[in-house]
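K.L.:
Got a predicted model here, sequence first, then my questions.
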Amino acid sequence: MSSRSCIGLSSINPSIRILMSCRYPFPKCDLFIKENLSKSPSRMGSRNRGHGFSNNNILGIGRVIHSNRGWLSPLESNLGQSGVFLGCPINTNNRRFVLGIVNVASDYRHHSTSSERNVDKNNFSNIFIQGGFNVEPLVFEKIESSQDELANKVSDSSNVNKENLSKELNGSKVLTTTHERELSEVEKQAWELLRGSIVNYCGNPVGTVAANDPADKQPLNYDQVFIRDFVPSALAFLLNGEGEIVKNFLVHTLQLQSWEKTVDCYSPGQGLMPASFKVRTVPRDGVSGEVEDVLDPDFGESAIGRVAPVDSGLWWIILLRAYGKITGDYTLQERVDVQTGIRLILNLCLSDGFDMFPTLLVTDGSCMIDRRMGIHGHPLEIQALFYSALRCSREMLIVNDLTKKLAAAINTRLSALSFHMREYYWVDIRKINEIYRYKTEEYSMDAINKFNIYPDQIPSWLVDWIPQSSGYFIGNLQPAHMDFRFFSLGNLWAIISSLGTQEQCEGILNLFEDKWDDLLGKMPLKICYPALEGEEWRIITGSDPKNTSWSYHNGGSWPTLLWQFTLACIKMGRPEMARKAVALAEKRLVVDQWPEYYDTKHGRFIGKQARLYQTWTIAGFLTSKVLLKNPDLASKLFWNEDFELLENCVCGLNKAGRKTCTRFTAKSHPIKMD
């Protein structure tokens with residue numbers, strides 16, 4: 001009889017190893033943690049001893065005792081990677097099985113920081129320290145059920161738009177949205193394709209693959225689950241009343257956080273989330289007929305350019321907040337392991353460095369534009385997502401004695417970041433004329449041209465392109481450099497998160513409307529405008545053949561941006577724009593087999609290297625349709641202006657003040673809701 005087990009790579013701290021594995025059939029499965037961290041004393045340093053911990057009492061390597069197998073040492077997988085594993089075996093020939101081992105750090109009922117009686121014993125000071133952990137041994141409960149019950153659950157969750165759909169998640173009612181209308185044939189196919197892209201781990205859904213084209217013989221990494229790509233899929237499931245897959249995804253990706261993969265012997269910082277992960281099925285070493293599922297994360301060491309994903313952690317926080325808002329299940333946010341994960345991401349993003357600006361300094365390829373495209377520095381997309389993640393964290397972070405400094409840092413950064421973006425990234429016809437008359441080489445605190453921008457940088461295309469009543473946030477700002485290209489994702493998230501003022505948000509949508517043919521064309525939406533061409537393309541992209549003019553990231557059209565465009569339009573009370581864009585895409589997507597992106601200046605051709613049956617294209621379309629049908633749900637996914645942040649405007653540091661600061665006008669222009 002063959003048996004199957006599932007193993008996951010899990011770590012909150014790169015120096016920790018935990019192996020948990022069980023086999024079917026099993027009479028007994030005991031887990032205990034063996035202390036002794038295999039780490040050199042020189043790396044531990046005196047800082048840990050200053051916290052009152054010695055090297056031999058920090059949580060170390062965990063092992064499993066099985067009555068039939070004895071000791072299981074930390075596994076070296078067939079992939080040649082050492083790792084930390086979560087085991088969850090499945091035996092299809094046995095009617096008893098184990099679900100779970102997904103709560104690595106705690107049982108939130110006993111360890112939630114919201115519980116007054118546990119504040120002193122189990123707060124974060126007892127969870128995370130530099131170089132290791134100080135926690136009590138983990139205890140996992142076996143959840144026994146019948147295989148028939150599991151099959152019924154899977155069967156129930158596979159039906160779209162069932163009448164009177166009702167679910168419970170960990171005892172909490174999950175919001176269900178049963179569509180009263182009949183789905184169109186396009187939507188029915190989209191739901192079928194989305195469900196066909198689901199990836200299972202330990203018998204449970206944990207995400208969707210990036211693309212699922214049966215004719216693709218070389219899927220590369222498109223058969224993996226990407227954090228960024230899964231967000232529209234997650235929202236489609238959540239808005240349809242299905243929260244299980246999203247919760248599983250959030251928990252398992254959290255367990256992969258800060259795994260110690262390296263590139264050229266250098267490890268990324270604690271808190272880094274993987275770009276993607278893959279569920280691999282491999283034979284169990286030394287046991288004939290047994291296989292195991294392994295979660296194998298990619299932190300950028302296998303990606304094009306070997307760039308770590310800056311946006312993965314930001315997307316994870318945004319999705320965590322959306323899960324709570326839509327399902328009403330906030331217990332996930334309150335768990336200690338989840339709170340720790342939030343803190344690790346924020347600590348990584350808020351760490352001090354050499355930079356003088358409140359924006360995040362990153363390299364090319366660290367976000368959706370994951371190839372060299374001249375966005376290194378302070379790209380708009382990262383700043384808008386960073387601002388959104390900070391606002392999410394401000395809502396979800398449990399404030400206590402340990403986290404109050406972090407909460408204060410979030411508020412300070414939010415205030416500084418919104419001021420910086422509104423003042424220096426925004427351009428309209430008035431601002432461009434001001435830049436046109438800039439004086440340079442201004443050495444003073446009162447300089448108007450603070451970044452020493454030379455007027456000759458204003459591109460010729462911009463002068464005649466920008467309408468009188470429109471404006472947008474530029475793509476990048478650095479000393480002596482302004483990237484005037486229009487990037488859709490960053491501008492849409494500036495609206496969704498209220499990074500821009502009411503007037504600025506209206507100006508962005510005016511630009512979309514006035515320049516419809518350029519930014520939406522025959523297939524919404526342009527990822528950026530205009531494309532790099534000629535010598536500029538050769539120098540900036542490194543002659544990238546995939547990023548030729550008006551293709552892929554260089555001016556290509558990406559239908560997955562539809563859901564963000566829809567959300568922004570609903571927020572600003574202009575859903576008719578979104579309906580027009582969705583109707584435009586709906587005519588072509590099913591005929592073109594749901595491509596990843598489109599080429600040419602107006603998006604007339606399917607991308608020359610575009611994958612077909614791209615999952616986030618499908619999910620973006622479905623999410624847009626659900627939001628337009630149920631616009632009230634959109635309010636759970638966007639933010640209105642937070643006037644408390646305006647009180648901490650950095651302009652107050654200037655004795656004379658700054659009369660032109662957009663913060664002082666924000667209160668007089670509140671966002672209007674229809």
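P.N.:
Done, it's in. Just so we're clear, the structure is a prediction, and the values are computed from it rather than from any experiment.
K.L.:
Can you classify the residue lying closest to residue 380 once chain neighbours are set aside as helix, strand or coil?
P.N.:
In space, residue 380 comes closest to residue 490 once its chain neighbours are excluded; the distance is 3.3 Å by C-beta to C-beta, 6 or more residues apart in numbering. Just so you know, the C-beta spots here come from the backbone N, C-alpha and C atoms, and that holds for glycine as well. Assigned with DSSP: H, G, I helix; E, B strand; the rest coil, residue 490 falls in the helix class.
K.L.:
Now do the contacts for residue 490.
P.N.:
By C-beta atoms under 8 Å, 6 or more residues apart in numbering, the contact set of residue 490 is 379-381, 383-384, 473, 475.
K.L.:
Of those, select the buried ones using a ChimeraX command.
P.N.:
Remark: buried members of those, expressed as a ChimeraX selection using 16 or more other C-beta atoms under 10 Å:
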select :379,380,381,383,384,473,475
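K.L.:
What values do phi and psi take at the closest residue to residue 189 other than its chain neighbours?
P.N.:
The shortest distance from residue 189 to any non-neighbouring residue, by C-beta to C-beta, 6+ apart, is to residue 590 (6.1 Å). Torsion angles at residue 590 (phi, psi; degrees, to the nearest 10) stand at phi -70, psi -40.
K.L.:
ok so, going back, which ones among the contacts of residue 490 map onto helices?
P.N.:
380-381, 383-384 (DSSP state H).
K.L.:
Enumerate the positions of the host helix or strand of residue 281 that are buried.
P.N.:
If you go by DSSP states H and E, residue 281 is part of strand 276-283. Neighbour-count burial for strand 276-283 flags 276-279 (criterion: 16+ other C-beta under 10 Å).
K.L.:
residues near the residue nearest to residue 189, how many?
P.N.:
Counted with other C-beta atoms under 10 Å, residues neighbouring residue 590 total 18.
K.L.:
correct me, but it touches residue 187?
P.N.:
No: at 9.6 Å, residue 590 does not count as touching residue 187 under the criterion of C-beta atoms under 8 Å.
K.L.:
tell me, what's touching those two both at once?
P.N.:
With C-beta under 8 Å, 6+ apart as the test, residue 590 and residue 187 reach no residue in common.
K.L.:
is it possible to export the contacts of residue 490 to a markdown table including distance to residue 213 and pLDDT?
P.N.:
Compiled in a markdown table, those are given as follows (distance: C-beta to C-beta, whole Å; pLDDT from 0 to 100):
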| residue | distance to residue 213 | pLDDT |
| --- | --- | --- |
| 379 | 30 | 98 |
| 380 | 31 | 98 |
| 381 | 27 | 98 |
| 383 | 34 | 98 |
| 384 | 31 | 98 |
| 473 | 35 | 98 |
| 475 | 31 | 98 |
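K.L.:
Any chance of the contacts of residue 490 in CSV with distance to residue 631 as columns?
P.N.:
Formatted as CSV, the entries for these read as follows, by distance: C-beta to C-beta, whole Å:
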residue, distance to residue 631
379, 30
380, 27
381, 26
383, 27
384, 22
473, 25
475, 30
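K.L.:
so which of the contacts of residue 490 would you say is closest to residue 338?
P.N.:
For the contacts of residue 490, the minimum distance to residue 338 (C-beta to C-beta) is 23.6 Å, reached by residue 384.
K.L.:
show me what contacts the closest one?
P.N.:
Taking C-beta under 8 Å, 6+ apart, one finds 473, 489-491, 493-494, 497, 499 in contact with residue 384.
K.L.:
between those, which is closest to residue 298?
P.N.:
residue 489 (21.7 Å).
K.L.:
Tell me how many other residues crowd that closest one.
P.N.:
Neighbour tally, residue 489, other C-beta under 10 Å: 24.
K.L.:
got the contact list for the residue lying closest to it once chain neighbours are set aside?
P.N.:
In space, and not counting its chain neighbours, residue 489 is closest to residue 381: 5.1 Å by C-beta to C-beta, 6+ apart. With contact set as C-beta under 8 Å, 6+ apart, residue 381 has these partners: 311, 367-369, 375, 487, 489-490, 493.
K.L.:
And the strands in the stretch 551-674 of the chain, which stretches?
P.N.:
598-599, 605-606 (DSSP state E, counting those that start in this stretch).
K.L.:
Residue 235 and residue 621 touch, don't they?
P.N.:
No: counting by C-beta under 8 Å, residue 235 stays clear of residue 621, with 11.8 Å between them.
K.L.:
Quick check: the residue nearest to residue 489 vs residue 531, distance?
P.N.:
Separation of residue 381 from residue 531 (C-beta to C-beta, to the nearest Å) stands at 17 Å.
K.L.:
what does residue 229 give?
P.N.:
Using C-beta to C-beta, residue 229 is found at 23 Å from residue 531.
K.L.:
More neighbours: the two, which one.
P.N.:
residue 229 (26 against 21).
K.L.:
And the helices in the stretch 301-450 of the chain?
P.N.:
For the stretch 301-450 of the chain, applying DSSP state H, counting those that start in this stretch gives helices covering 311-327, 331-334, 336-350, 380-396, 404-420, 429-436.
K.L.:
just to revisit the earlier point, from the contacts of residue 384, which is closest to residue 397?
P.N.:
Comparing the contacts of residue 384 against residue 397 with C-beta to C-beta picks out residue 497 as the nearest, at 16.9 Å.
K.L.:
Skipping its backbone neighbours, what lies nearest that closest one in space?
P.N.:
Spatial nearest neighbour of residue 497, excluding adjacent residues (C-beta to C-beta, 6+ apart): residue 388 at 4.2 Å.
K.L.:
now swap in residue 355 and tell me
P.N.:
Closest to residue 355 by C-beta to C-beta, 6+ apart is residue 361, at 4.8 Å.
K.L.:
mind listing what the one you found touches?
P.N.:
353, 355, 377-378.
K.L.:
which two from the residues you listed end up farthest apart in space?
P.N.:
Using C-beta to C-beta, the two most remote members of those are 353 and 377, lying 13.5 Å apart.
K.L.:
Specify which residue of those two has the higher count of neighbours.
P.N.:
residue 377 (21 against 7).
K.L.:
quick one: the more buried one and residue 480 touch, right?
P.N.:
No: applying C-beta under 8 Å, one finds residue 377 not in contact with residue 480, separated by 11.5 Å.
K.L.:
Poorly predicted segments of the stretch 51-200 of the chain, please.
P.N.:
51-181 (pLDDT under 70).
K.L.:
Oh, that last question was meant for the chain, not what I typed.
P.N.:
In the predicted model of the chain, residues 1-181, 259-261, 648-674 satisfy pLDDT under 70.
K.L.:
and residue 297, which of the three is it?
P.N.:
strand.
K.L.:
And for it, the neighbour number?
P.N.:
28.
K.L.:
From what I see, it and residue 279 are in contact.
P.N.:
No: using C-beta under 8 Å, residue 297 makes no contact with residue 279, being 10.8 Å away.
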